[in-house]
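[1] have a look at this prediction, sequence included:
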Amino acid sequence: MKTLKLSLILFLLTSSLFSMYAFDYQTVYSHRIAFFDVKAIRIDSIKFEENDSVFYPIKAIRSTTQDYYCYTPYGASFLGEKIVIKDKWNYFFNGQGDTIKIKTDATLNESFELFYIENTVSVIATVISHEVQEFFGLSDLVKTIKIEIFDNKGNPIKHPYIKEDPVIQISKNYGFVQTFDIYDFYLNRSAYYPIYEKHSLLGLTNPDVGEHNLTWFEVFDFQPGDELHIVEEYFEFSPVQSRTRIIEQYHLRTDYGNDSISYNVLRTRHHYSRNYTWEITESTSSQNVTYIYRTNPEFDRLNGEPIIHYYDYEYGSAYAIMGSSSGKTIPNGVESIYNGGDDECWHQAIWDGCFPESTYYKGLGGPYHSLCFGFSGETYEKKLVYYKKGDNTWGTPLVITSINQVSEKKKNLIVNNPAGETILLNKELIEQPCLFELIDLNGRILLRETVDADNCTVNIIYIQNGLYLYRLIKSNQVIYTGKVIKQI
């Protein structure tokens, strides 16, 4: 019996090792999405031709090879228009239709021809290592394949700006770990040096590891107590100027399944403007608002995936969102492409003015707009200058005050902070009747009392110890806000 058990164990170990080393590698897989740098590869369709499998990857916006003033939203991915899996080889095709082939079962130190143009160039690939590597918490066998380029006389061609020979890395069970832009590889046959744009794997689905596609709900994922401080500025020819400063304090959050999220937000806003006659106007407001974020399928598209819209008379527009798992950028209208009813040639628009891109960040909202310069010299910018997410903070917080709030810097509204059973208010600051509200960090109003110079004590004996928000309202305008600690 012991001999049988030992034999069974040895058989299982041998089978495990055999399964790790024996079967063919594959560069791409149809059942998962692979994220490379700012681009993603997803197999959208498969055809079976005899014993071959033909994969058709996600499309991309690119210029056509016939006319670089023409674009198409139905262009090939950086791995080409299709990938053929055949007889232990994976076949790719560049923009000219030339074949780039990878021998997936090549063994250590084995060389094979990866690319060839008659009387011009040949590219030889050699497996230089075959070992177990770890990436994104996964452990798998990885082949590293060095690429060497030779002219028609057999002399090596070295790129003047690439010191090391390019390499491809293929994981046994997860495909490319590192590759290059196959579609553009030697796209220009007259070029002496090849185009080599390296792409490294950043994450996968199935299993979900590493970086992934940023979604709309991940951008607007806030918790009670989070804060965003935002500055929006516009400058024209002197003296025209406007500046808006906004503080958003997130309180109550409500999730409605996978459909939407709503937030109760205390939004404090100060607006400054100066017109052509040097007249200055300022206003400050603070109010509770409700933000509702619903699903946004277009934003949830993969990085680089064309988003196409058709209108009347077959006119259309297309653009692609770019970014990473921490941020995404939607291009402005100038960077989109348009057709005039002709699907064969899409054009970029020629516009004058300041049209900034829209950038969104994970857990920090958006859109934010980097500084842009208009045709007439005007500038526009919307930027995040401070945030508080849980215990993490970044940047310099804004301080927004109005004319009625100037004295707050000199005198505190709450005299005893931390407070015990009662809150004592500075009666010099509430000479007229005001409304005092105490709010918990979830945005719930715990008490609301009318106070004035003769009634400046608020009973909080039934309030639990902790940190709370408060605000003082006069004539429907918030004139003081702050934090108070209840501590006995």
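    Happy to help now that I have it.
[2] could you list the low-confidence segments of the stretch 1-150 of the chain?
    Across the stretch 1-150 of the chain, the ranges flagged by pLDDT under 70 are 1-23, 38, 65-68.
[3] ok, which stretches of it are strands?
    Assignment of strands within the stretch 1-150 of the chain using DSSP state E, counting those that start in this stretch yields the ranges 34-36, 39-41, 43-49, 52-57, 60-63, 71-75, 83-86, 89-93, 99-103, 111-117, 121-135, 138-151.
[4] make TSV from these and add distance to residue 380 to it.
    For the C-beta atoms, the positions are set from N, CA and C on the backbone; glycine is no exception. Shown next, in TSV, are the strands of the stretch 1-150 of the chain (distance: least, C-beta to C-beta, whole Å):
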stretch	distance to residue 380
strand 34-36	32
strand 39-41	29
strand 43-49	38
strand 52-57	37
strand 60-63	26
strand 71-75	27
strand 83-86	43
strand 89-93	43
strand 99-103	44
strand 111-117	47
strand 121-135	41
strand 138-151	44
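[5] now those strands in a markdown table, with mean neighbour count and distance to residue 166?
    A markdown table is the format used below for these (neighbours: other C-beta atoms under 10 Å; distance: least, C-beta to C-beta, whole Å):
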| stretch | mean neighbour count | distance to residue 166 |
| --- | --- | --- |
| strand 34-36 | 24 | 15 |
| strand 39-41 | 23 | 18 |
| strand 43-49 | 12 | 24 |
| strand 52-57 | 17 | 21 |
| strand 60-63 | 19 | 21 |
| strand 71-75 | 19 | 23 |
| strand 83-86 | 20 | 19 |
| strand 89-93 | 20 | 15 |
| strand 99-103 | 19 | 12 |
| strand 111-117 | 16 | 10 |
| strand 121-135 | 16 | 9 |
| strand 138-151 | 17 | 4 |
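[6] quick one: which of the ones you listed is nearest residue 320?
    strand 60-63 (5.2 Å; C-beta to C-beta).
[7] now do that closest one: everything it contacts.
    Residues outside strand 60-63 that contact it (C-beta atoms under 8 Å, 6 or more residues apart in numbering) are 39, 69-73, 75-78, 183, 304-306, 318-320, 337.
[8] buried set for stretch 459-469?
    Within stretch 459-469, the residues that count as buried by 16 or more other C-beta atoms under 10 Å are 460, 463, 468-469.
[9] with respect to residue 102, which of the residues you listed is nearest?
    residue 469 (60.5 Å).
[10] which of the helices or strands spans the closest one?
    Per DSSP states H and E, residue 469 falls inside strand 466-474.
[11] check which element follows that strand along the chain.
    strand 477-486.
[12] give me the helices and strands touching that next one, please.
    strand 260-274, strand 280-294, strand 466-474 (3 or more C-beta pairs under 8 Å, 6 or more residues apart in numbering; DSSP states H and E).
[13] quick one: which of those strands is nearest residue 232?
    strand 260-274 (9.3 Å).
[14] what about stretch 343-357, start to end distance?
    By C-alpha to C-alpha, to the nearest Å, the extent of stretch 343-357 from end to end equals 26 Å.
[15] what's the closest of the strands of the stretch 1-150 of the chain to residue 296?
    strand 39-41 (17.7 Å).
[16] direction included, what does the closest one pair up with?
    strand 34-36 (antiparallel) (DSSP bridges).
[17] what's the average pLDDT for stretch 399-413?
    Averaged over stretch 399-413, pLDDT sits at 54.
[18] how about low-confidence regions in the stretch 251-400 of the chain?
    Low-confidence segments of the stretch 251-400 of the chain, defined by pLDDT under 70, are located at 333-335, 350-354, 373-377.
[19] pull the CA atoms of the helix or strand residue 309 falls within into PDB?
    Taking DSSP H and E as the criterion, residue 309 maps to strand 306-310. Written as PDB, here are the backbone C-alpha positions of strand 306-310 (Å, rounded to 0.1, in the frame of the first residue of the first chain):
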ATOM      1  CA  PRO A 306     -12.800  53.800 -30.300                       C
ATOM      2  CA  ILE A 307     -16.100  55.400 -29.300                       C
ATOM      3  CA  ILE A 308     -18.000  56.000 -32.500                       C
ATOM      4  CA  HIS A 309     -21.200  58.100 -33.000                       C
ATOM      5  CA  TYR A 310     -23.200  58.400 -36.200                       C
END
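[20] pull the residues that contact that strand.
    59-61, 73-74, 298, 301, 316-321.
[21] put the alpha carbons of stretch 94-110 into PDB.
    The C-alpha trace of stretch 94-110 is given here as PDB (Å, rounded to 0.1, in the frame of the first residue of the first chain):
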ATOM      1  CA  ASN A  94       2.200  44.700 -39.800                       C
ATOM      2  CA  GLY A  95       0.500  47.600 -41.600                       C
ATOM      3  CA  GLN A  96       2.000  46.500 -44.900                       C
ATOM      4  CA  GLY A  97       0.700  42.900 -44.500                       C
ATOM      5  CA  ASP A  98       4.200  41.600 -43.800                       C
ATOM      6  CA  THR A  99       4.300  38.600 -41.500                       C
ATOM      7  CA  ILE A 100       5.900  38.600 -38.000                       C
ATOM      8  CA  LYS A 101       5.900  35.100 -36.700                       C
ATOM      9  CA  ILE A 102       6.800  33.700 -33.200                       C
ATOM     10  CA  LYS A 103       7.700  30.100 -32.600                       C
ATOM     11  CA  THR A 104       6.000  29.500 -29.300                       C
ATOM     12  CA  ASP A 105       7.600  26.100 -28.700                       C
ATOM     13  CA  ALA A 106      11.100  27.300 -29.300                       C
ATOM     14  CA  THR A 107      13.500  25.900 -26.600                       C
ATOM     15  CA  LEU A 108      16.300  27.600 -24.700                       C
ATOM     16  CA  ASN A 109      19.100  29.000 -27.100                       C
ATOM     17  CA  GLU A 110      17.000  28.100 -30.200                       C
END
